[in-house]
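Chemist: After the sequence you'll find the predicted model.
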Amino acid sequence: MRVALILLFLLSLGAIPGSLIPQSGTDAAKVQEFKDAHTTLGPVYDRLGLFHVYSSVWFSAIYILLFVSLIGCIVPRTWQFVGQLRGRPPGAPKRLNRLPAYATWRTGAEPEQVREVALKVLERRRFRAHAAGDAVAAEKGYLRETGNLLFHIALIVMLVAFAWGQLFKSEGNKLIVEGGGFSNTLALYDDFKSGSLFSTDDLTPFSFDLKNFTGTYELTGPNKGTPRTYQADVTYSVGAYGKEKKTTVKVNEPLEIGDSKVYLTAHGYAPVVTVRDGKGNVVLHDAVPMLPLDSNVTSQGAIKVMDGYRNARGVKEQLGFAAFFVPSFAGDGNGTMFSQFPALLNPRLAVSAYHGSLGVDAGIPQNVYQLDTSRLKQFKTAKGAILKQRLKPGQTMKLPNGAGSITFEKDVKEWANFQVTQQPGSDWALAGAFGAILGLAGSLFIQRRRVWVRATTGADGVTVVEMAGLGRSESAKLPEELGDLAALVHEQAPTKTDEPDPAVAPPVPAEGAEKQ
C-alpha cells in the first residue's frame, strides 16, 4: 500500500508539467512558440517528453506501475476480507478489564440468561454475534473494509477508463456558417486529433445543419457587452437515412449522438462579399468567416479568389483581400477600426487588395484565414498609395485599371464553431469517481469494532457480567456505544442489591438501656 501511495504521489507530480508547459496534443502552435523563445530549454524539454507529458514513456511507466501496485494491494486484502466474512468474530480475551472500553456489574440472573440477552441485543444492533464459551463475541463495521476495497477498485476503474479514453478518443473542430452543414467524416473537419488506437470506422455516422445562431449581450452597466446567451438552432440526422430532427445547442449543453457530443465553442461573423472581374463577371460570392480578435468581436480574415479570375489583359491571376470586420463601428472620426459592441449594430468591412499567386498551388498547407502575401502584389491607386477602403454594407471598392471590384453585401451571416468529441470510457471514469468517493467516505467514517459480553458465576454464587469493546482504529464513540449496549443488557439483567439475611436476628437492646 505504501508503494501505491508513493506512485500516486509521483503521478500527481508528473501531471504538473502537463498543465504548466504547452502540450503538442492541445496547441502545437504554442509549443513551437515556446521552442522558438527558449532555444536552450526547448530541446531539453523535448527529450524529456514534457511537450507530450501524458503520452510520454515515464508518465506511462508510473501509470502502469500504479496499476500493478493497486492490484497487488487489492487481491490479498480481498481474500483476507472474504475469510473474515466467512469466519466468526474472535472469542473474548481473558482480561476484558484491560480493554479501552469496559463495564461490569453483578446480577441475579443466570449466566446463560445474560448471554442470551446479550446475543439478542447485539444482533438487534446489527452486530455479527455468536456465543463462544462463557462469553458472547460480536463485531460490526465491515463496511469500512468494503469501502476501502471499493476505493481501490474504483481507482483501477478510473485508470483503465482514462487509458481507454486516451487510446480511442477523437476530437475535432468545425466552423459552420449559417445555412451550412457538416457530416461526421474525417475529411470535413477543420482540425482533428485522436488516440493511437482510434479508427475512422469508430466515428458515429451523423450530420447536422446550422439554421440560425443567436447571441444576446448585456446592453448597459459594468458588464456591458458580456454574452448572456449563445445558442445554435440545428437540424440533425443519424445514419445515412435517419429522420431529420430539430434541436438547439447551447454553451455547456451539447448535442449528444451515440458516443459523440457536439459542443458549441465559439462564434463570429461572416460578411457576404461579391468579387467581380473587369468585365463584371462574378468570380466569388460567398460569406467569408472572420476570426474574432477581442471580446467585442473585432475580426480579421482573408478573402481569396483562387479560380475564374482574369485581369484586364486577360491573364489568369488570383486575388486576395486582407480584411478587418467590426460588427459595431464607432463612426467616422471616432476612433480606429475596433468594434464597440459584440452585436451587429453598425458593421464595417475594411479591405486591402492584392493580386498574383496565393500560393495554394504549391502543395504547402496554409491558413485559410490568413493571407500569404509573399507572392502577391498590392493594388495601388493612381497616386501610388496603397489601395484600401472601409466599406459599409452595400458599398463597392473598385480595383484600379479595370481589374474588377469587391462589394460588401448588405447580408452579414454568423458562424458557429462546433467541437465534436468522442471519449469512450468517460461513463466508466465517472462511475469510478463516484465509487471512489463512496468508498473513501465509508473507510473514513465507518468504524470497525468488536464487543464481548462475559457472564460467569462469582465465588459468592452471584453472576458477574463484564462487557468490553475494542476498535480497529481509535474512536471516541466506542465507550459511548458500549455504554448504550450495557444499558440495554442491564435492563433485563439488573444489578443485584445486597439484602439482609433473614436467618440472622436483628440486634436486641440490652435491659435497662435508656429509651429514646
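Modeler: Cool, the structure landed.

Chemist: quick check: longest helix of this structure.
Modeler: Scanning the chain for the longest helix, with DSSP state H as the assignment, gives helix 57-86.

Chemist: Report the buried residues of the following helix or strand past that one.
Modeler: Counting by DSSP states H and E, the next helix or strand C-terminal to helix 57-86 is strand 101-107. By 16 or more other C-beta atoms under 10 Å, the buried positions in strand 101-107 come out as 101-103, 105-107. For the C-beta atoms, the positions are set from N, CA and C on the backbone; glycine is no exception.

Chemist: Give me the helices and strands touching strand 101-107, please.
Modeler: strand 463-471, helix 477-492 (3 or more C-beta pairs under 8 Å, 6 or more residues apart in numbering; DSSP states H and E).

Chemist: most neighbours per residue, which of those?
Modeler: strand 463-471 (a mean of 21; mean count of other C-beta atoms under 10 Å).

Chemist: sorry, back to before: of the buried residues of strand 101-107, closest to residue 429?
Modeler: residue 101 (42.5 Å; C-beta to C-beta).

Chemist: pull the CA atoms of the helix or strand harbouring residue 32 into CSV?
Modeler: Element membership for residue 32, per DSSP H and E: helix 28-37. Taking Å, rounded to 0.1, in the frame of the first residue of the first chain, the C-alpha atoms of helix 28-37 are listed here in CSV:
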residue,chain,number,x,y,z
ALA,A,28,1.1,22.7,-31.3
ALA,A,29,1.5,26.4,-32.2
LYS,A,30,2.2,27.4,-28.6
VAL,A,31,4.7,24.5,-28.4
GLN,A,32,6.6,25.9,-31.4
GLU,A,33,6.4,29.4,-29.9
PHE,A,34,7.9,28.1,-26.6
LYS,A,35,10.7,26.3,-28.5
ASP,A,36,11.5,29.5,-30.5
ALA,A,37,11.6,31.6,-27.4
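
Chemist: Which stretches in this structure count as helices?
Modeler: Using DSSP H, helices in the chain cover 2-20, 28-37, 41-48, 57-86, 111-124, 142-168, 426-445, 477-492.

Chemist: for those, which one sits closest to residue 366?
Modeler: Nearest of these (C-beta to C-beta): helix 28-37, 13.9 Å.

Chemist: want to throw the helices and strands packed on strand 101-107 into TSV with mean pLDDT and distance to residue 147?
Modeler: Below are the helices and strands packed on strand 101-107 laid out as TSV (pLDDT from 0 to 100; distance: least, C-beta to C-beta, whole Å):
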stretch	mean pLDDT	distance to residue 147
strand 463-471	94	16
helix 477-492	93	17
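
Chemist: Just put those in CSV and tack on distance to residue 169.
Modeler: Shown next, in CSV, are those (distance: least, C-beta to C-beta, whole Å):
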stretch, distance to residue 169
strand 463-471, 46
helix 477-492, 47
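
Chemist: Which among those is found nearest to residue 411?
Modeler: So among those, helix 477-492 is nearest, using C-beta to C-beta, at 73.5 Å.

Chemist: ok now that closest one, how far from the chain's centre?
Modeler: Computed by C-alpha atoms, centre = their mean, to the nearest Å, the chain-centroid distance of helix 477-492 equals 47 Å.

Chemist: helices or strands next to it in the packing?
Modeler: Helix 477-492 packs on strand 101-107, helix 111-124, strand 449-457, strand 463-471, going by 3+ C-beta pairs under 8 Å, 6+ apart.

Chemist: Which one, of these, ends up nearest to residue 372?
Modeler: strand 463-471 (74.6 Å).

Chemist: Near the nearest residue to residue 234 once chain neighbours are set aside, how many other residues are there?
Modeler: Nearest non-adjacent residue to residue 234, counting by C-beta to C-beta, 6 or more residues apart in numbering: residue 208, 4.8 Å away. Residues lying near residue 208 (other C-beta atoms under 10 Å) number 26.

Chemist: just for the protein, where's the confidence low?
Modeler: Across the chain, residues meeting the criterion (pLDDT under 70) sit at 1, 333-335, 363, 498-516.

Chemist: Can you spell out the domain ranges of it, please?
Modeler: 2-81, 89-140+447-492, 170-422 (automatic domain parsing).

Chemist: The shortest one: end-to-end distance?
Modeler: Right, domain 2-81. This stretch, domain 2-81, spans 19 Å end to end (C-alpha to C-alpha, to the nearest Å).

Chemist: Longest strand in this structure, by number of residues?
Modeler: strand 404-422 (DSSP state E).

Chemist: Please name the strands paired to that strand in the sheet, noting orientation.
Modeler: strand 170-177 (antiparallel), strand 260-276 (antiparallel), strand 396-399 (antiparallel) (DSSP bridges).

Chemist: And the nearest residue to residue 446 once chain neighbours are set aside, how far from residue 473?
Modeler: Once flanking residues are discounted, residue 446 sits nearest to residue 144: 4.2 Å by C-beta to C-beta, 6+ apart. Relative to residue 473, residue 144 is positioned 8 Å away (C-beta to C-beta, to the nearest Å).

Chemist: In terms of neighbours, single out the busier of those two.
Modeler: Higher neighbour count among residue 144 and residue 473: residue 144, with 19 against 10, using other C-beta under 10 Å.

Chemist: Was I right to think the more buried one contacts residue 449?
Modeler: No - Residue 144 is not in contact with residue 449 according to C-beta atoms under 8 Å; the separation is 9.6 Å.

Chemist: list the contacts for the closest residue to residue 250 other than its chain neighbours?
Modeler: Spatial nearest neighbour of residue 250, excluding adjacent residues (C-beta to C-beta, 6+ apart): residue 231 at 4.7 Å. Shown in contact with residue 231 (C-beta atoms under 8 Å, 6 or more residues apart in numbering): 213-215, 248-250, 264.

Chemist: Let's have those residues in a markdown table, adding neighbour count and distance to residue 336.
Modeler: Putting the contacts of residue 231 into a markdown table (neighbours: other C-beta atoms under 10 Å; distance: C-beta to C-beta, whole Å) gives the following:
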| residue | neighbour count | distance to residue 336 |
| --- | --- | --- |
| 213 | 22 | 27 |
| 214 | 13 | 29 |
| 215 | 17 | 24 |
| 248 | 14 | 37 |
| 249 | 21 | 35 |
| 250 | 14 | 34 |
| 264 | 22 | 31 |
